[in-house]
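Enquirer: Just need the structure, nothing else, for what follows:
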Amino acid sequence: MSLDLRRGLAVAAATLSLAAMSACGANVTPAGLPPTLGFQLVDGGRVAMESGQPVPDFGYQPRPRLDLNEGWRFQRANLDADLTFTPRTESLNDIEREAAGRQLPGFDDSQWQPIEVPGSVDPPPNGRPIDGWYRVRFTLPDSFTGEAVMVKFGSVNYIADVWLNGTYLGYHEGGYTPFAFDAGKALVDGQANVLAVRVYDPPKGTRLDVVPWYYSDWWEYEGITAPVWLEASNPVHVVRADVVPHLDAAYVSVVIENSSKLDVSGVAVNIEVLPAEVTDQNLLNPDPLSLVPADAPTIAAMSIDGITAGASSSFVRDGSFVFAGADRWTLKRPALYVLGVYVSVDGVVVDSFYDTFGLRRIQVDPTAPRLLLNGDPIAFTGAAVHNEQVGPSANGAPKGGTPLSAPDELRIIRQAQAVDVDLLRTNHVPANPSLLMLADRLGLAVWEEIPLNHFTPETFSLVMQRGLPQQMLAEMALRDFNRPSVMFHGFANESTGVDERAGAMTTLRDLDRRIDGTRLTGQAMYGSDPTDPTSAPLDVAGYTFYYGIFYGGPAPEPGTSNALALAHKTYPHKPVMILEFGDWLPLGGSEDAQRQVFRKTYPVFAANLDTFPAGYVGSAVWWSLQDYWTDVPGIAVERFGLFRPDGGMRAVGAEAQKSFGRVTAPSAAVPSVVSGGQAVAVPVPMPGRFPLQLAYVVVFPCVLVGLLVAGMLALRRYRRPRLRHAT
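Expert: Residues are numbered from 1 along each chain as shown. Next up is the predicted model:
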């Protein structure tokens with residue numbers, strides 16, 4: 001079968017299927033299940049809350065931890081869809097009757113199928129979504145005694161309901177973002193505990209009010225697709241610490257929780273900034289402390305004391321660090337710092353928290369349609385990546401399976417660096433956390449997005465009314481808050497409609513800026529309509545360009561040039577981000593046709609890169625770095641890759657290497673960077689204390705120079721606070 005015929009049949013089948021599914025979806029009872037994430041004012045500020053708890057950090061912490069990655073069992077079950085999408089205040093009793101005891105600790109699951117977690121129940125090529133139940137038994141280590149305990153899930157696709165020892169903890173909807181529950185109320189010491197998870201994934205196209213709603217053009221792995229673990233901490237502990245970076249300063253906001261039922265006085269929050277160095281030895285180590293050189297002096301520190309933590313409550317404390325001689329995060333020199341936060345009670349440290357961050361600013365030049373990184377013009381050469389195991393290949397196809405480990409992600413980054421790619425677009429979903437860790441450390445930029453893929457006016461309206469995209473964006477932004485590599489948040493891909501989509505883009509932009517504000521916002525519009533007006537609320541104008549492939553005649557030119565000029569005319573003040581261009585390789589076909597598409601398309605973008613005086617193109621992203629499995633009927637494997645599944649570079653990869661190398665050439669070696677500089681702490685006035693805030697705004701610029709001079713002298717004698725740690 002010819003490639004054109006195969007494409008035509010696939011498109012025709014998808015069109016017919018879409019019409020049928022839309023009709024089917026119209027007959028489905030609308031979902032009443034509300035989002036689980038919202039925002040709440042607490043002492044000191046606003047906190048993201050989910051399932052009754054402050055949204056925690058999901059990175060590695062030096063706390064007692066129990067990984068739940070062995071011993072899981074799975075049983076397929078026919079689950080009631082209407083119950084699944086009904087508010088749990090109405091449906092929980094019926095769901096537990098449907099469970100027939102599966103959620104209870106004494107249930108006999110010995111005949112259930114052993115299953116890998118993390119993993120999936122529907123691996124390609126023959127896997128199909130399977131709903132059902134997961135169970136695992138575990139015993140708590142002694143280190144958990146008397147501690148606050150959270151159970152954390154990296155991701156479950158699509159809706160997860162969770163019980164611990166028969167106690168219902170809650171639910172989560174959305175297959176690509178993390179969530180957590182307070183496990184302390186249900187755990188038992190000294191005997192077996194049972195965690196039970198009910199997983200439901202609606203068949204594609206049967207509902208119009210879920211995300212994603214239709215065939216994704218990637219493989220939708222269902223099940224518990226990321227790690228699950230228990231994490232213990234003192235009842236008074238750091239929930240998260242968010243760093244808003246500036247070029248010469250860092251604004252830090254720390255969320256503390258007292259999960260005990262008693263008020264705790266004498267609480268202090270100590271914050272410090274430490275230098276970091278990435279080496280071959282610590283590159284894959286998720287512990288931020290592994291990056292701190294031995295005997296490294298503290299760069300700056302501050303203490304906020306005199307706090308009384310109310311029972312079963314949270315509070316926020318903020319601070320700023322102003323740097324002199326700061327090491328900024330760039331692609332060629334990705335300097336990182338380590339943030340340390342210590343909670344003490346009456347001088348005894350009861351909890352520690354660490355994360356990495358970088359000082360960088362990505363912005364649109366206010367005088368021209370170009371990107372600026374730390375004030376310098378930049379244009380990215382990119383490729384799309386998928387969270388899927390590619391090698392070792394099976395019969396020339398990707399191996400399939402999820403999730404990718406840090407070594408797996410490192411192999412992907414090395415391939416990207418081999419063809420001089422410096423921007424990774426993470427398919428149409430949030431990135432794998434291991435990929436972001438390595439992008440931070442090796443100097444690559446990332447465009448990550450939520451899976452609003454091929455949405456329509458009706459589906460946009462339905463999911464925005466439910467609040468699902470808002471929750472997914474918040475969960476992604478909060479999880480990756482301190483990642484300097486994440487420079488772009490994408491809100492949609494190749495979707496239709498004008499008013500509904502523009503409204504959704506505005507809502508998501510406003511939410512993104514309230515949560516973060518340090519990333520640029522965009523979407524991927526169809527390049528076949530370069531006058532699409534719906535990116536007006538966003539920072540950049542993103543497009544997918546397939547002239548000569550799907551539209552615009554038999555060849556890329558002159559369609560690519562004409563459309564690019566029209567896109568610039570539509571958005572004269574925004575950088576144009578080419579987020580996809582490329583062609584797939586027919587099974588057994590010649591690689592030269594794919595290479596010719598690159599040769600005829602990329603020069604059009606390269607001639608208009610925003611690093612030129614009159615340029616306006618901020619990125620050119622090839623779709624994709626590797627081949628990948630798809631759930632689109634009739635295709636199976638998308639062979640767009642610059643690399644084959646066996647790791648060999650295709651002809652188009654060699655072409656990209658030659659052409660991208662003219663723009664940027666990141667090194668494959670681990671950058672030798674030891675962050676440093678000097679800094680002073682500047683406490684931020686508490687909200688509600690207007691006189692202090694006014695003094696802060698008026699007086700701070702006048703005394704900044706004096707603080708820096710005094711701070712530099714003090715830092716020569718400073719070492720970390722000699723606080724006693726609880727034993």
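Enquirer: How is the protein partitioned into domains?
Expert: 37-233, 236-361+685-725, 379-660 (automatic domain parsing).
Enquirer: Check which residues of stretch 271-281 are buried.
Expert: Neighbour-count burial for stretch 271-281 flags 271, 272, 273, 274, 275, 276, 277, 278, 279 (criterion: 16 or more other Cβ atoms under 10 Å). Placement of C-beta: from N, CA and C, glycine included.
Enquirer: In CSV, list the C-alpha atoms belonging to it.
Expert: C-alpha atoms of stretch 271-281 as CSV (Å, rounded to 0.1, in the frame of the first residue of the first chain):
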residue,chain,number,x,y,z
ILE,A,271,16.5,29.1,54.2
GLU,A,272,19.9,28.9,52.5
VAL,A,273,21.3,29.0,49.0
LEU,A,274,24.2,26.6,48.3
PRO,A,275,26.4,26.3,45.2
ALA,A,276,26.0,23.3,42.9
GLU,A,277,28.2,21.4,40.5
VAL,A,278,27.1,18.7,38.0
THR,A,279,29.6,16.0,37.4
ASP,A,280,29.6,12.6,35.7
GLN,A,281,29.2,11.0,39.2
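Enquirer: and the domains of the chain, which is most packed in?
Expert: The highest mean neighbour count among those, using mean count of other Cβ atoms under 10 Å, belongs to domain 379-660: a mean of 21.
Enquirer: Can you give the distance from that domain to the centre of its chain?
Expert: 15 Å (Cα atoms, centre = their mean, to the nearest Å).
Enquirer: what's the span of it, first residue to last?
Expert: 11 Å (Cα to Cα, to the nearest Å).
Enquirer: same question for it, mean pLDDT?
Expert: For domain 379-660, the mean pLDDT works out to 96.
Enquirer: before we move on, what about stretch 333-341?
Expert: What stretch 333-341 shows for mean pLDDT is 97.
Enquirer: related to what we said a few turns ago, got JSON lines for the domains of the chain, with distance to residue 671 too?
Expert: Formatted as JSON lines, those follow (distance: least, Cβ to Cβ, whole Å):
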{"stretch": "domain 37-233", "distance to residue 671": "21"}
{"stretch": "domain 236-361+685-725", "distance to residue 671": "6"}
{"stretch": "domain 379-660", "distance to residue 671": "6"}
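Enquirer: Of all these, which one comes closest to residue 675?
Expert: Residue 675 lies closest, by Cβ to Cβ, to one member of the domains of the chain: domain 236-361+685-725, at 4.4 Å.
Enquirer: all strands of the stretch 451-600 of the chain, in order?
Expert: Using DSSP state E, counting those that start in this stretch, the strands of the stretch 451-600 of the chain run over 486-493, 520-526, 541-544, 576-581.
Enquirer: which helices and strands sit right next to the last one?
Expert: When contacts are defined as 3 or more Cβ pairs under 8 Å, 6 or more residues apart in numbering; DSSP states H and E, strand 576-581 packs onto strand 520-526, strand 541-544, helix 559-570, helix 592-606, strand 617-622.
Enquirer: Please apply the same query to the shortest one.
Expert: Packed against strand 541-544 by the contact rule (3+ Cβ pairs under 8 Å, 6+ apart) you find strand 520-526, helix 559-570, strand 576-581.
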